[in-house]
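1. Curious how this folds, go ahead:
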Amino acid sequence: MNASDMDIIVVGTEDAIVMVEGGANFVPEKAVVDALVFGHESLQPLIKMQHELREKAGEPKVEFEPPAPRTDLVDLVASVCMNDLKKALTTKVKAERYDTLRSVKKATVEKILADNPEAEYAEKDLTKAYEELKYREMRSMILDQGVRVDGRGSKDIRNISCEVGILPRPHGSALFTRGETQAMVIVTLGTRYDEQKIEGLNEEEWRRFLLHYNFPPFSVGETKFLRGPGRREIGHGALARRGLEGVLPDQESFPYTVRIVSDILESNGSSSMATVCGSSLAMMQAGIPVSRAVGGIAMGLIKEGDKYAVLSDILGDEDHLGDMDFKVVGGEEGVSAIQMDNKVGGITGEILTEALEQARVGRIHILGEMNKAIAKPVEEISKYAPRIITIRIPVDRIKDVIGPGGKIIRSIVEQTGVKIDVEDDGRVLIASADMEAADEAVRLVRRYTQDVEVGKFYMGRVVKITDFGCFVEVLPGQEGLVHISPARRSPHQGRP
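-> Predicted coordinates for the structure are as follows:
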């Protein structure tokens, strides 16, 4: 796994891929398609085994047929509200569209019930019929007319706005807006003491790159209790972190712990991809020497029989009423993370290829808009961020820095107020927002680890006086004798 360019989970049936999630090392789109097809083919022996087990058990497969909508009620609702429904579906602003659709539904149901007081159907039956009509009409608009609910074509991306450094105090910040989806992203740089301990089932690890995604209710116009992270927060945060962690420098060249917090201020689809874009901008503004910019886009699919349309940068409605949600993260060179949910069968390799190519074109457009705000990392990290100075000492001198029971390292920390981390390979990491304190800590560490050099002058402390001279501590724990030779003895001095 350490040598692999891809780590992808593929879930599927005999004829379709149902779910995909994984990461990659910025690999070409064709390699991703080949991997998905290979994964689906590899599932077939397992599915065949399940059929054999069922046959041996002698139990028939339980058939399920979802209840079909009542065609007569759908036609009745259409005869009353079709024109108003079409106008409502083409309302570009999400809040206005939702309000209009609710008003049309309410007026339609009330009119039908008033005109048919003796009818056998109830309000809930008409509501279901209206939702079915809305589902069909939105899909028909896209497949037959090539028009989406906000007026875009299938490959069009919503308007994008990027701002960096909008908050003065955090170490890095960015505001990414795409249509009616907006993410406020904040980056904080910390030390090794800020790493997250992950206790897995089999092993324990420390994570130096953290990404937390928050989806407050107000982002979709709701009010509810604020509890701990749920399925959305955990899943979207993991996807964004997976797509971004590949651009971080190694720990030796950039010994910081990086924490990203993305707060979704408004959401109308693709909030996780807005998090990816905002995080990439904020990391550059924080001065993290990332290898490249990273963008994300959510693709959708409308499929009826052999007819289909692949949609770029989907809205919330297109996710809800569509057949696929395919999130693709990457740079200009390739893909770094993917996640797909499929609601229908028959998603072929050709459809996946088209979707990934369309995602590549859209992602490059998004990255171009991001580059207008910031194209490369800034030279210096924030003045509020801790400065981490790395020095190397001989491995056999580590004990001299730590001291008995940690006495020496504690005294350095108390004198300077810095944080010190000593690695087993002899690296000493000194972190402080105060450069004078950091420089003093470096001086002290070097004093405890350097050796006395011949011909060099030292200012020392006399620790003991004897008849033949005095002992002077020139370095911590290192004393030397200043001998009184006969040539230097005072004439008034007695015999040795």
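2. Now the residue nearest to residue 386 when sequence neighbours are not counted, what are its backbone angles?
-> With CB to CB, 6 or more residues apart in numbering as the criterion, residue 386 has its nearest non-adjacent residue at 4.4 Å, and that residue is residue 431. (Glycine included, C-beta is placed from N, CA and C.) Main-chain torsions, residue 431, degrees, to the nearest 10: phi -120, psi 130.
3. isn't residue 431 right next to residue 381, touching?
-> No: under the contact definition of CB atoms under 8 Å, residue 431 does not touch residue 381, with a separation of 11.9 Å.
4. Touching both of the two, which residues are there?
-> Jointly contacting residue 431 and residue 381 under the rule CB atoms under 8 Å, 6 or more residues apart in numbering are residue 387.
5. What is the neighbour count of residue 293?
-> The number of residues packed near residue 293 is 22, by other CB atoms under 10 Å.
6. related to what we said a few turns ago, show me which of residue 431 and residue 381 is the more surrounded one.
-> Here residue 431 and residue 381 are set side by side on neighbour count (other CB under 10 Å), and the busier one is residue 431, at 24 against 21.
7. quick one, what contacts that one?
-> Shown in contact with residue 431 (CB under 8 Å, 6+ apart): 191, 386, 387, 388, 389, 418, 419, 420, 421, 438.
8. That one bridge partners, please.
-> Using DSSP bridges, the bridge partners assigned to residue 431 are residue 388, residue 419.
9. ok, now how distant is it from residue 377?
-> In this view, residue 431 and residue 377 are 20 Å apart by CB to CB, to the nearest Å.
10. With residue 79 instead?
-> 60 Å.
11. out of the two, which sits in the busier spot?
-> With other CB under 10 Å as the criterion, residue 79 and residue 377 differ in neighbour count, and residue 377 comes out ahead with 19 against 10.
12. Confirm that that one sits in a strand.
-> No: counting by DSSP: H, G, I helix; E, B strand; the rest coil, residue 377 is located in no strand; its state is coil.
13. in the helix of greatest length in the chain, what counts as buried?
-> Taking DSSP state H as the assignment, the helix of the chain that covers the most residues is helix 29-57. Counting neighbours by 16 or more other CB atoms under 10 Å, one finds that the buried residues in helix 29-57 are 29, 32, 33, 34, 35, 36, 37, 39, 40, 43.
14. Okay, now the unreliable bits of the stretch 251-400 of the chain?
-> Of all residues in the stretch 251-400 of the chain, those with pLDDT under 70 make up the ranges 346.
15. where along it do the helices fall?
-> Across the stretch 251-400 of the chain, reading from the start of the chain, the helices by DSSP state H, counting those that start in this stretch fall at 271-285, 316-321, 349-373, 398-402.
16. Quickly compare the ones you listed and say which is most buried.
-> Mean neighbour counts were compared across the helices of the stretch 251-400 of the chain using mean count of other CB atoms under 10 Å; the top stretch is helix 271-285, at a mean of 29.
17. so residue 269 sits right up against residue 316, yeah?
-> Yes: in this structure residue 269 lies within contact range of residue 316 using CB under 8 Å: 4.5 Å.
18. roughly how far apart are the nearest residue in space to residue 426 that is not next to it in sequence and residue 317?
-> Distances taken as CB to CB, 6+ apart put residue 395 closest to residue 426, at 4.7 Å, once the chain neighbours are dropped. Residue 395 is 61 Å from residue 317, where distance means CB to CB.
19. What are the boundaries of the strands in the stretch 201-350 of the chain?
-> Listed in chain order, the strands found in the stretch 201-350 of the chain under DSSP state E, counting those that start in this stretch are 204-207, 209-214, 257-266, 295-304, 307-312, 324-330, 335-342.
20. Check which helix or strand residue 156 maps to.
-> Using DSSP states H and E, residue 156 falls within no helix or strand.
21. For it, give me its contacts.
-> For residue 156, counting by CB under 8 Å, 6+ apart, the contacting residues are 312, 313.
22. Likewise for residue 479?
-> With contacts defined as CB under 8 Å, 6+ apart, the neighbours of residue 479 are 463, 471, 472, 473.
23. Next one, pLDDT for it please.
-> Residue-level confidence at residue 479 comes out at 84, pLDDT.
24. Tell me the spacing between it and residue 452.
-> The value you get for residue 479 to residue 452, if CB to CB is used, is 10 Å.
25. And residue 275, by the same measure?
-> 56 Å.
26. Next, residue 223: phi, psi?
-> For residue 223, the backbone dihedrals (degrees, to the nearest 10) come out as phi -130, psi 130.
27. For it, give me the pLDDT.
-> Taken from the predicted model, the pLDDT recorded for residue 223 is 91.
28. That one contacts residue 217, correct?
-> Yes: counting by CB under 8 Å, residue 223 touches residue 217, with 5.7 Å between them.
29. Compare these two and say which is more crowded by neighbours.
-> residue 217 (11 against 8).
30. if I pick the more buried one, what's in contact with it?
-> By CB under 8 Å, 6+ apart, the neighbours of residue 217 are 223, 224, 226.
31. wait, which of the residues you listed is closest to residue 17?
-> Top of the list for closeness to residue 17, among those and by CB to CB, is residue 224 at 34.0 Å.
32. how far away is the residue nearest to the closest one when sequence neighbours are not counted from residue 239?
-> Take residue 224 and drop its neighbours on the chain: the residue closest to it by CB to CB, 6+ apart is residue 217, 4.8 Å away. With distances defined as CB to CB, the gap from residue 217 to residue 239 amounts to 21 Å.
33. Residue 334 - how many residues pack around it?
-> What residue 334 shows, counting by other CB under 10 Å, is a neighbour count of 17.
34. likewise the one 10 residues further on?
-> Other residues within reach of residue 344 by the criterion other CB under 10 Å amount to 15.
35. Not counting sequence-adjacent ones, nearest residue to it?
-> The shortest distance from residue 344 to any non-neighbouring residue, by CB to CB, 6+ apart, is to residue 323 (4.6 Å).
36. Which residues are in contact with that neighbour?
-> 300, 301, 302, 303, 342, 343, 344.
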